[in-house]
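Mind folding the following:
(one chain, ligands or ions: 1)
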Amino acid sequence: MKTKSDFDVLIVGGGLVGLTAALACAQAGFKIGVIDIAKPADQLDDTHDGRASAIATASFRMMRALGVADALVEGDNTHAGPINQILVSDGQAGEAPSPLNLFFDAAQIEEVNAGEPLGYMVENRRMRHALHIQTKNQKNITWIAPARVCHFQADASKTTLSFDDGRTLSASLLVAADGRNSFVRKLAGIGVTAWPCNQKAIVTTVEHELPHDGIAHELFLPSGPFAILPLTGNRASIVWTETPRAADAAMALDNDQFAAELARRFGDFLGKVWPIAPRWCYPLSFQHAKTYIGERLVLIGDAAHGIHPIAGQGFNLGLRDAAALAEILVQARAEGRDIGTEFTLDKFENWRKFDNTALTHACDVFNRLFSNNVGPLKHARRLGLATVDKLPPLREFFMKEASGQVGDLPPLLRGKSYERHHGAESSL
Ligand SMILES: Cc1cc2nc3c(=O)[nH]c(=O)nc-3n(C[C@H](O)[C@H](O)[C@H](O)COP(=O)(O)OP(=O)(O)OC[C@H]3O[C@@H](n4cnc5c(N)ncnc54)[C@H](O)[C@@H]3O)c2cc1C
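Prediction:
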């Protein structure tokens, strides 16, 4: 017989994916605990994460359904900047990009996008803030942070987590959302397939003289992609990918030298450009967990798959994991099944593994194809971009992919919210 546990679901990792999963499952009526090793106040500090994320149209619909998009609004302004168009081109620092390029326009997929942009750019600090507000307002979510899990043990009815201060907590299901170096994944003995890409990404925010008109630019330079991503106002988030040695050298430049290097890559289409935020540097690699599930355990977000930011999809994949997980738990409950059993968790893995695997490998192939200066490859990829640009069905396929509207989408990604539950009691 199933003994009652403290929570339906305990989520280790209160990052962007863990918190979204917590909200999705809580709004579906489950009793959730979110455990994070860091202090929530430290995570909300502006210096915690300088990145901004491209949130695909479907992912943003999910954020609306969860009420997170509302929490991104301050006064009359929202912190979500629309991406109306994307220009992909190939080039060389200090030179004009090749005219053989690929241009995506939201208007070209109006019928599936219902007039929405291709996605939205949101600074991670703003998204984290909105998620903290929403999770704090949700009565059936308990924050357990800062706290350090040191052990967990599953049995026939629950999984029990032991903390380093001697506490124990139990749940029907444990969710690992503790990022690339997932402690829970390691403790469960789940290995990863990992491969390096010999690149680091420098991230900062710039202000520019001329409006960007919601156009995202992905310029492929020989050392890696250089992305100019439209934020609200006359601001853009920069993701500048380099070899580790060149990235370290760029990080060591003084402000004027750094601004000059940025300007060399930007050109002058946005007028004068100047950095307005600190620089962050992220080592890049690929990794994929050998399985997403264990005994009463499921891995989501970067704990399950860590990809290159070339297509701005890592967080989006994590959001799709969160939406699929919530739906599978809802179905299990509706059928009177235990939410932590292998039968239930297999459904999650089957739903998510193909999408995650396909995108992880597609990002790897694109990065290898574009991050080099090999003559024949350079010509082939420029022709490839121009060819896709001239073939509307292919162009539309890539646009639908970028806006997250392909495959079997769970209800949240179609913008359907669960009837919001606010009670503190477990529904099981
Ligand atoms: C340069 C760059 C640009 C990117 N741009 C985009 C983009 O435009 N669009 C996009 O979709 N994706 C983008 N990504 C990917 C995206 O940032 C990640 O996929 C996403 O942040 C992963 O979120 P997560 O919650 O799974 O993991 P994390 O953000 O790593 O969160 C993990 C959480 O777990 C906690 N934790 C860690 N260890 C423990 C422990 N032992 N116990 C308890 N808690 C623990 C941490 O404190 C943290 O809160 C980008 C990535 C990079 C590097």
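
Pull the contacting residues for Pro225.
By Cβ atoms under 8 Å, 6 or more residues apart in numbering, the contact set of Pro225 is 218-219, 239, 241, 310, 367, 370-371. No exception for glycine: its C-beta is placed from N, CA and C like everyone else's.

Give me the average confidence score over stretch 308-324.
Stretch 308-324 comes out with an average pLDDT of 94.

and it, anywhere near the ligand?
Yes. Using Cβ under 6 Å from any ligand atom, stretch 308-324 comes into contact with the ligand via 309, 312-316, 318.

tell me which strands and helices the lengthiest strand in the chain is in contact with?
For the chain, the longest strand by residue count, based on DSSP state E, is strand 192-208. Applying 3 or more Cβ pairs under 8 Å, 6 or more residues apart in numbering; DSSP states H and E, one finds that strand 192-208 makes contact with strand 235-242, helix 244-251, strand 273-275, strand 280-289, helix 342-370.

of all these, which lies closest to Leu210?
Proximity to Leu210, assessed across the helices and strands packed on strand 192-208 by Cβ to Cβ, is greatest for strand 273-275 (9.5 Å).

buried set for the closest one?
Val273 (16 or more other Cβ atoms under 10 Å).

Let me see the residues that make contact with that strand.
204-209, 255, 258-259, 262-263, 266.

Tell me the residues of the protein that contact the ligand?
12-18, 35-38, 51, 53-54, 149, 177-179, 183, 201, 203, 239, 282, 301-302, 309, 312-316, 318.

now the residues you listed: which count as buried?
Taking 16+ other Cβ under 10 Å as the criterion, what is buried in the residues of the chain next to the ligand is 12-18, 35-36, 51, 53-54, 149, 177-179, 183, 201, 203, 239, 282, 301-302, 309, 312-316, 318.

Out of the contacts of Pro225, flag the one nearest to Met63.
Using Cβ to Cβ, Val239 comes nearest to Met63 of these, at 21.1 Å.

Could you tell me the phi and psi values at the residue in the stretch 1-150 of the chain positioned nearest to the ligand?
Residue of the stretch 1-150 of the chain nearest the ligand, by Cβ to the nearest ligand atom: Gly15 (2.2 Å). When quoted as degrees, to the nearest 10, the phi and psi of Gly15 stand at phi -80, psi -160.

I'd say it and Ile300 touch.
No. Contact between Gly15 and Ile300 fails when scored by Cβ atoms under 8 Å: they sit 10.4 Å apart.

list residues touching both of the two?
With Cβ under 8 Å, 6+ apart as the test, Gly15 and Ile300 both reach Ala177.

so after the lowest-mean-pLDDT helix or strand in the chain, what's the next helix or strand?
Every helix and strand of the chain was ranked by mean pLDDT, DSSP states H and E. The lowest is helix 375-390, at a mean of 73. Counting by DSSP states H and E, the element after helix 375-390 in chain order, helix or strand, is helix 392-402.

That next one packs against which elements?
strand 102-105, helix 375-390.

Please report phi then psi for the residue in the stretch 151-300 of the chain that the ligand sits nearest to.
Here the stretch 151-300 of the chain gets closest to the ligand at one residue, Gly179, 2.6 Å apart by Cβ to the nearest ligand atom. Backbone torsions for Gly179, taken as degrees, to the nearest 10, come to phi 80, psi -180.

Quick one: closest of the helices and strands packed on strand 192-208 to Trp195.
strand 280-289 (5.3 Å).

export the helices and strands packed on strand 192-208 to TSV and tack on mean pLDDT?
As requested, those are exported to TSV (pLDDT from 0 to 100):
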stretch	mean pLDDT
strand 235-242	96
helix 244-251	97
strand 273-275	94
strand 280-289	96
helix 342-370	89
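
OK, contacts around the closest residue to Thr204 other than its chain neighbours?
The shortest distance from Thr204 to any non-neighbouring residue, by Cβ to Cβ, 6 or more residues apart in numbering, is to Arg279 (4.7 Å). Arg279 is in contact with 50, 202-204, 251, 258, counting by Cβ under 8 Å, 6+ apart.
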